[in-house]
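Student: Provided below for reference: sequence and predicted model.
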Amino acid sequence: MKKQGVLHGELSRFIATLGHGQTLVIADYGLPIPPQVPFIDLAVCEGVPAFEDVFKAVLSELSIEQITIAEELQGAHPDLFAKINGATDAPLELVSHEVFKERLTSAAVIVRTGEWTSYANVILTSSVVF
C-alpha cells in the first residue's frame, strides 16, 4: 500500500509509465476529451478535486520538460496563471485555446478535475530523470 504522493492507482500508473516527450493533461471539468485518448475522471462535484491540488500532486512525481497552457488563462485568471508559471523551472509554452484542444489528441492521458475555472488546463511534457 502506497503511503504518500499520488494515491489514485490509475493516475499513479500513468505517471510511472510515461516516457520522454509523452504528455499528461490536467483538465478543468469542461475541457472536451477526445474519445480515443485514455481518460481518468477524478471529478466528484464542483471544485472537487481542485485543479491546483491535482497539479501539485502530479508535479511531485512527474519529471517535466515543458508546461503548455492556453494563452487565454493569463488574461482570464492571472493568479492561476502565476501559480502555474511559478510551479517549476520548466519552460512555459503559451498557445491559443484552439491549438491547446488540437494537441489533446496526442496526449498519453487526460485527467479531469472538478475545477470550474475556465482555461484551467495544462499539458505536461514528460522529461527524463538522467
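Tutor: Arrived safely.
Student: tell me what the residue nearest to Glu71 when sequence neighbours are not counted is bridged to.
Tutor: Of all residues not flanking Glu71 in the chain, Leu94 sits nearest, at 4.1 Å (Cβ to Cβ, 6 or more residues apart in numbering). C-beta coordinates here come from the backbone N, C-alpha and C atoms, glycine included. Beta bridges link Leu94 to Ile69, judged by DSSP bridges.
Student: report the buried residues of stretch 60-72.
Tutor: Using 16 or more other Cβ atoms under 10 Å as the test for burial, stretch 60-72 gives Leu62, Ser63, Ile64, Gln66, Ile67, Thr68, Ile69, Ala70, Glu71, Glu72.
Student: returning to what we had before: so how many other residues sit close to the residue nearest to Glu71?
Tutor: For Leu94, the neighbour count with other Cβ atoms under 10 Å is 16.
Student: returning to what we had before: what's the farthest-apart pair in the buried residues of stretch 60-72?
Tutor: Using Cβ to Cβ, the buried residues of stretch 60-72 reach their maximum pairwise distance at Ser63 and Glu72, which is 27.4 Å.
Student: alright, calling it a day.
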